[in-house]
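> make a model of this:
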Amino acid sequence: MSGWLPLAPCTPGACVEPVRAAAAVPRAVLRLTAVVILVLAGIALSPLGGRIPAEWVRRWCRMIVRAIGVRVRVTGASAPAGGLLMVANHVSWLDIPLLTAVRPARMLAKTEVRRWPVAGALAARGGALFIERDRLRALPGTVARIGDALRAGAAVTAFPEGSTWCGRAQGRFRRAVFQAALDAGVPVQPVRLRYRHRDGGPGTAAAFVGEDTLLSSLWRVARARGLVAEVEVRPVIPSGAHPDRRALAHAAQPAASQPAWTHAALVAGVLEGPHGQLRQPQVGVHGGRTEVLQLPAR
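The predicted model follows:
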């Protein structure tokens, strides 16, 4: 285990809300069929590379998210042109098309993504930079490759948490990738991603966490109803605004959406007391992770 390979405490059983199955199956099949058609169209056109207008790529990515039944709300200004490090919290595989809809970019992805059916080939053709997360010695070389891409005027998208979280809580932004932006002298574009129900409450059906598989996550999202993806393009952080990668990572980190103890209790499976009231456990922070120390008596 290394700082480049952090793990979130989120699991499908503890954090991901169940989706009612029976009535949703025909609709889910139609949604997945539409997604497959769009992805295959993207693979067919991928050899054209940079000749495809960026606006077409943005629209195609939004169509993929919309095809699987998720509405998209984007707020904030457009991402600037030129070399740019775009960073965001990480919840779902849906994060990738959502961020590409903000600005097409080279994706920083774990090597396992290369083996994903269809999506892996599409990521490779799109110029993804693959990380060997379990090899700490490979980290300096990876940072150097990111810096080279940024100096060449490319946008690179990264998820500095290093792991997916369910969306009720989030991880700490790791600093390494921000060194590439400092070395290349380019700005950082923070983006905050949230998944909600139409009524505004948090929705975790899109979360891709723990031992979840891509196919099971696809099926769950396709069956969900009323899921909304909120993409908040936050103010860009200019080059030179912060002296080191620690300060830069802290500036890009989005504020937590819920108290840490709420998520800790959720993972522990102890959110409700005997009459449905919320029971607050005693928690502590160890190594940057919130842990339940003691639970109130029922």
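
> drop to CA atoms for contacts and neighbour counts, all remaining ones
Will do.

> next, residue 192: phi, psi?
Residue 192 adopts backbone torsions of phi -110, psi 130, taken as degrees, to the nearest 10.

> what's the answer for residue 70, then?
Dihedral angles of residue 70 (phi, psi; degrees, to the nearest 10) stand at phi -110, psi 120.

> all helices of the chain, in order?
All helices of the chain, identified by DSSP state H, fall at 12-15, 25-45, 54-67, 95-102, 119-125, 139-151, 176-184, 214-223, 245-252, 260-268.

> reformat those helices as TSV; add mean pLDDT.
Listed next are the helices of the chain as TSV, based on pLDDT from 0 to 100:
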stretch	mean pLDDT
helix 12-15	81
helix 25-45	90
helix 54-67	93
helix 95-102	94
helix 119-125	71
helix 139-151	89
helix 176-184	94
helix 214-223	92
helix 245-252	94
helix 260-268	62
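
> just send those back as TSV, with mean neighbour count and distance to residue 132 too.
Output for those, formatted as TSV (neighbours: other Cα atoms under 10 Å; distance: least, Cα to Cα, whole Å):
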stretch	mean neighbour count	distance to residue 132
helix 12-15	18	25
helix 25-45	16	25
helix 54-67	18	26
helix 95-102	22	19
helix 119-125	17	15
helix 139-151	19	8
helix 176-184	22	14
helix 214-223	19	20
helix 245-252	18	21
helix 260-268	20	28
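
> residue 110: which of those is closest?
helix 119-125 (10.5 Å; Cα to Cα).

> residues contacting the nearest residue to residue 202 once chain neighbours are set aside?
Sequence neighbours aside, residue 196 is the residue nearest to residue 202 in space, at 4.3 Å (criterion: Cα to Cα, 6 or more residues apart in numbering). Residues near residue 196 by Cα atoms under 8 Å, 6 or more residues apart in numbering: 202, 203, 204, 227, 228, 229, 230.

> noted, bye for now.
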